[in-house]
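A.B. asks: Predicted model follows, preceded by the sequence.
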Amino acid sequence: MYPLKRRAWLGALGAAAVAPALTACAALDSPMAAALRRHPPAGLPRRADLSSVPFVSSDDGLCGPAALAMVLAAAGAPAPMATLTEAVYLPGRDGALQAEMLAAARRQGALAFLLAPTLTAALTEVAAGTPVLVLLNLALPWWPRWHYAVLVGYDLDRDLAVLHTGTRRADAWPLDTLAHTWFRAGAWGLVVQPPGRWPATVDEASAVTAVAAFEHTQGPAAAEAAWRAARLRWPEALASAVGLGNNLLAQARWDEAAQVLAAAAQRHDSAAAWNNLAVAEARRGRQDAARTSLDRAERRARAAEPQWAATVAATRRELGF
């Protein structure tokens, strides 16, 4: 057995194997689910239905690629089951790793976001029209049976969650069962969106992480639209501005990069922004401006951001200043 954070395998789970675990869990009350039923967050609808999300039936351990196929189709990035199976399914383990699920979503042209580990976050996404891919443990903490499914609805008044799972489309589960099986698996959830669209619960840090990973997979040109969307969504934030500036640097668009990075450096007095602005200025032949920016980066690093000192020194060597 492997630690969940390193190895999250789904087992080959037939309906007969799943049912006893669900029956046993349904008798337990989840405090988080109970609190959510009694006092849902303001604005959260009492029910939501995304059962029209395309359903992909699976057995023999293929619920990972099947669940991924469903959320990708809902995000407008459909992928053949055979492609996803080849990408994420490990026959020797009869399952799929979480890291490969994230990477495969990006390879299909979608942004992949890890969901905050709360029922409120999961239901908020569904209410906003986005299905949530969840990893469940259908057995016991010390003898897990991993299973991927897609949350496609809920009804707080009836204490129900609705999942596309295994061979069952829009299967109604007690909300407590979802809570127990999901939290027993570490409350790992995945949301995918096309570049330029954001999950309802996303914050800037999560967005930057998702876009940076997407850029690493798809390249700077493919990620530019997502960086620009992040810049529009969080116009005063540093990380998305530096991300867009770096994206433009990677595309050798020196003038545009300098404009974005200069604005970020002036607004935030950031060592990272000043450092990268120096690179942009040097690349467009403005050596004096590059030296001035690098001096600002060095002063800022010395005064308040020592973590950037080595980077600034490396940039100075690279630029020959």
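C.D. replies: That came in fine, so what should we check first? Note that the structure is predicted; figures quoted are calculated from it, not measured.
A.B. asks: low pLDDT regions in the stretch 51-200 of the chain?
C.D. replies: For the stretch 51-200 of the chain, the stretches with pLDDT under 70 are 60, 92-95.
A.B. asks: So which residues of it form helices?
C.D. replies: Ranges of helices within the stretch 51-200 of the chain are 63-74, 81-88, 98-107, 119-127, 175-184, based on DSSP state H, counting those that start in this stretch.
A.B. asks: So residue 196 is in contact with residue 229, correct?
C.D. replies: Yes: with contacts counted by C-beta atoms under 8 Å, residue 196 reaches residue 229, the gap being 4.2 Å. C-beta: built from backbone N, CA, C; applies to glycine.
A.B. asks: what about these two, which has more around it?
C.D. replies: The residue with more neighbours, out of residue 196 and residue 229, is residue 229; 19 against 15, by other C-beta atoms under 10 Å.
A.B. asks: So for whichever helix or strand the more buried one is part of, mean pLDDT?
C.D. replies: Assigned by DSSP states H and E, residue 229 falls within helix 220-233. In this model, helix 220-233 has a mean pLDDT of 96.
A.B. asks: Run the angle between that helix and helix 98-107 for me.
C.D. replies: Orientation check (axes from the mean of the first three to the mean of the last three C-alpha atoms, to 10 degrees): helix 220-233 against helix 98-107 gives 90 degrees.
A.B. asks: Give me the angle between the helix or strand just after helix 220-233 and helix 220-233.
C.D. replies: Downstream of helix 220-233, the next assigned helix or strand under DSSP H and E is helix 238-250. On the basis of the same axes, to 10 degrees, helix 238-250 is oriented at 150 degrees to helix 220-233.
A.B. asks: Pull out the buried residues from helix 238-250.
C.D. replies: 238-249 (16 or more other C-beta atoms under 10 Å).
A.B. asks: Next SSE downstream of that helix?
C.D. replies: Next element after helix 238-250 (DSSP H and E): helix 254-268.
A.B. asks: who does the helix holding residue 229 touch, helix- and strand-wise?
C.D. replies: Applying 3 or more C-beta pairs under 8 Å, 6 or more residues apart in numbering; DSSP states H and E, one finds that helix 220-233 contacts helix 204-218, helix 238-250.
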